[in-house]
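Asker: Here is the input, now give the coordinates:
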Amino acid sequence: TCYKLPPGEADGQACAAGSFCAGGANPERLCPAGTYSNRSGSSECLHCIPGQFTDTNGSTTCTACPAGYHAPTSAASSCDACKTGTYALTTSPTCLECPSRTTSLPRTRSKDDCYCVQGYWGTTCDDCPDHAFCRTNCTANSTNATKNCKCYGGKNTGAYGGQTIMTGASGVEDEANVQK
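Answerer: Model (predicted):
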């Protein structure tokens, strides 16, 4: 006598974790990437939630996206790297924007890794003071070129095409002698 198998079974056996059985004459199948089954006898696979993924067939769990990466949709088979100016904590469904006046490298892992953009300095990214040029990631207001901050004669105008011309004993650049 032939009879149809119930969902969750194939060949008279409960389907293994990581697979599903639709029932009837359908064979056991592995859950595809982006989905999982954490128990035997499943009739369907569950989707990984946003911020998690599985990149193999037959998974029994999903894996959290690492910090610096995100998975914005359910059933993700991979996590995408955060772009410049954003960051993501572990298990993030989205990358978050760095705070105002800051940016970051791709795959940044936390807000603490965002740093000041050019023209701002310090831990709170304050305006660069008069007579100074603050390069990107400037952490100290300095007149001796430490931590990427330099003091220039004149106003906060820029890097002068990457050239540094020092005049006199003071070490202050003479803007008139710099080719822009």
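
Asker: does Ser110 really touch Tyr87, like I thought?
Answerer: Yes. Between Ser110 and Tyr87 there is a contact under Cβ atoms under 8 Å: 5.8 Å. Using the backbone N, CA and C atoms, a C-beta is placed for each residue, glycine as well.

Asker: higher neighbour count, these two?
Answerer: Tyr87 (26 against 14; other Cβ atoms under 10 Å).

Asker: where does this protein dip in pLDDT?
Answerer: 1-5, 131, 139-180 (pLDDT under 70).

Asker: again, only this time at 50
Answerer: 1, 142-147, 151-180 (pLDDT under 50).

Asker: could you pull out the helices for it?
Answerer: Taking DSSP state H, the chain contains no helices at all.

Asker: which parts of stretch 37-53 are buried?
Answerer: For stretch 37-53, the neighbour count (16 or more other Cβ atoms under 10 Å) marks 37, 40-42, 45-53 as buried.

Asker: Adding distance to Pro7, write those residues out as CSV.
Answerer: Shown next, in CSV, are the buried residues of stretch 37-53 (distance: Cβ to Cβ, whole Å):
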residue, distance to Pro7
Ser37, 12
Ser40, 13
Gly41, 9
Ser42, 9
Cys45, 12
Leu46, 15
His47, 18
Cys48, 22
Ile49, 23
Pro50, 27
Gly51, 29
Gln52, 25
Phe53, 26
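
Asker: If you count neighbours, what's buried in stretch 109-120?
Answerer: Arg109, Cys114, Tyr115, Cys116, Val117, Gln118, Gly119, Tyr120.
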